[in-house]
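Novice: sequence first, predicted coordinates after that:
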Amino acid sequence: MDFPSELPSASSPPVSAPSRPRVWTVLLAFVLLLVTFVVASAIMASIAAAIEIAQSGIDPKDNAAIAALVEKLKVLPWLHVVGVMMSSTLALTVSLLGGWLSPTPLRDRLRLRTGAPLPTWAWGAALVGCFTLGQAMESLTVLTGVWDYAASLKGLQATSKGSFATFALLLFFGALVAGTAEEFFFRGYVQTRLVERWGRNAGIAGAATLFGLMHMDPIHSPMALGMGLFLGWLAERTASLRLPIFVHVFNNLTSFLLSRHAPSSAELPASVHVTLLVVCSLAFVGTMTALRRMDVRPPEPAVLAGP
């Protein structure tokens, strides 16, 4: 009969279960990020309103004039650029600070390592998936008549048609900085912790929900949530942020360029949007199928000769 080589002694301390990762830290970071952005946006909106009132001589007691001023502020290019600059730099700062304060190395905490090797076609397929998902959601909002309530999207479209300097700032902060910073925070800092605590599906959904809430728009927020689910899945599939960052940056860049040089979606006939909705939905399903079958196993370690 076999006996264990070592038996626990009566004096040995009991083995404690591993502690579960803390979630309140990332949720607190999100609340601080959201509150700071809301307060800063309110201050900038107040400054913009004061400037407009001083320049136009609007009577603050004239309700109709004030209502018209509010509508003007919603599409004021420089105000939207400042908002994008604030949100992107805040997200970058909070994610890097939170990752630096974590006992886990920053590159691991924010998933900044290379991750699984990707075939060349995967980069293009991920872009196609992002573009088709975004267009399908946009066409759906136009067909259902809710596009008119997308205030933030209309503001970004108006900003894209502004001066060259305004557009250049929008491209830099809205595409490069925002695409990187938001992936650092939501898919890196937040999702990594939520997945550790709640599991893969719940972690992706939780981070995507916070990503949608951050956009604070009744139409843009659900669209951002859907995009966040896709980007979160890419991060988990590849164990890295490199593909989500690449997709996010190019998605924003393409969106701004189309807003500046192409007609608005609202100007297209319903038949075009029906076609886009069907075609893009099928293309997205096909892209997801291809990406799910992608081999993302890490390479086998090299065998060294000798002792």
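Specialist: All right, it came through fine.
Novice: for the rest of this, base every contact and every neighbour count on C-alpha atoms.
Specialist: Noted.
Novice: and the helix or strand containing M288, C-alpha only, in CSV?
Specialist: Here M288 is covered by helix 270-292, with elements defined by DSSP states H and E. What follows is helix 270-292 as a C-alpha-only set of coordinates in CSV (Å, rounded to 0.1, in the frame of the first residue of the first chain):
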residue,chain,number,x,y,z
ALA,A,270,-33.7,54.1,-47.1
SER,A,271,-33.1,51.5,-49.8
VAL,A,272,-29.3,52.1,-49.6
HIS,A,273,-29.4,51.7,-45.8
VAL,A,274,-31.4,48.4,-46.1
THR,A,275,-28.8,47.1,-48.5
LEU,A,276,-25.9,48.3,-46.3
LEU,A,277,-27.6,46.7,-43.2
VAL,A,278,-28.0,43.3,-44.8
VAL,A,279,-24.6,43.2,-46.6
CYS,A,280,-22.6,44.5,-43.6
SER,A,281,-24.4,42.2,-41.2
LEU,A,282,-23.5,39.2,-43.4
ALA,A,283,-19.9,40.4,-43.9
PHE,A,284,-19.5,40.9,-40.1
VAL,A,285,-20.7,37.3,-39.4
GLY,A,286,-18.3,36.0,-42.0
THR,A,287,-15.4,38.0,-40.5
MET,A,288,-16.2,36.8,-37.0
THR,A,289,-16.3,33.2,-38.3
ALA,A,290,-12.9,33.6,-39.9
LEU,A,291,-11.4,35.2,-36.8
ARG,A,292,-12.8,32.5,-34.5
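Novice: list the buried residues for it?
Specialist: 273-274, 276-277, 280-281, 283-284, 287-288, 291 (16 or more other C-alpha atoms under 10 Å).
Novice: closest one of those to L127?
Specialist: T287 (9.4 Å; C-alpha to C-alpha).
Novice: got the contact list for L110?
Specialist: The contact partners of L110, taken as C-alpha atoms under 8 Å, 6 or more residues apart in numbering, are 95, 99, 184-185, 187-189, 192, 241.
Novice: buried residues in stretch 254-269, which are they?
Specialist: 255-256, 259-260, 265-266.
Novice: residues in contact with stretch 232-240?
Specialist: 111-116, 118, 187, 191, 200, 204, 207-208, 241, 243-244, 296.
Novice: mean confidence score for that stretch?
Specialist: Mean pLDDT, stretch 232-240: 96.
Novice: hmm, L127 and M288 touching each other?
Specialist: No. M288 lies out of contact with L127 (C-alpha atoms under 8 Å); the separation is 11.1 Å.
Novice: among the contacts of stretch 232-240, which ones are buried?
Specialist: Buried among the contacts of stretch 232-240 by 16+ other C-alpha under 10 Å: 111, 115, 118, 187, 191, 200, 204, 207-208, 241, 243-244, 296.
Novice: so after the one helix or strand S87 maps to, what's the next helix or strand?
Specialist: Element membership for S87 (DSSP H and E) is helix 77-101. Next helix or strand after helix 77-101 toward the C-terminus (DSSP H and E): helix 106-109.
Novice: contacts for that next one, please.
Specialist: 96, 99-100, 102, 112-113, 188-189, 192.
Novice: can you give me the neighbour number for the nearest residue to S87 once chain neighbours are set aside?
Specialist: Closest residue to S87 apart from its sequence neighbours, by C-alpha to C-alpha, 6 or more residues apart in numbering: F37 at 6.3 Å. Residues contacting F37 under the criterion other C-alpha atoms under 10 Å number 19.
Novice: F37 in helix, strand or coil?
Specialist: Put simply, F37 is helix when judged by DSSP: H, G, I helix; E, B strand; the rest coil.
Novice: quick one: contacts for it?
Specialist: Neighbours of F37 in contact, by C-alpha under 8 Å, 6+ apart: 86-87, 90.
Novice: that one and T104, how far apart?
Specialist: 27 Å (C-alpha to C-alpha, to the nearest Å).
Novice: A262 now?
Specialist: For A262 relative to T104 (C-alpha to C-alpha), the value is 45 Å.
Novice: go on, L276?
Specialist: Going from L276 to T104 by C-alpha to C-alpha gives 44 Å.
Novice: for the chain, what helix or strand is lowest in average pLDDT?
Specialist: Lowest on mean pLDDT, DSSP states H and E among the helices and strands of the chain sits helix 63-74, with a mean of 83.
Novice: so which elements touch it?
Specialist: Secondary-structure packing of helix 63-74 (3 or more C-alpha pairs under 8 Å, 6 or more residues apart in numbering; DSSP states H and E): helix 24-56, helix 151-160.
Novice: and for G98, nearest residue in space, chain neighbours not counted?
Specialist: Y189 (7.4 Å).
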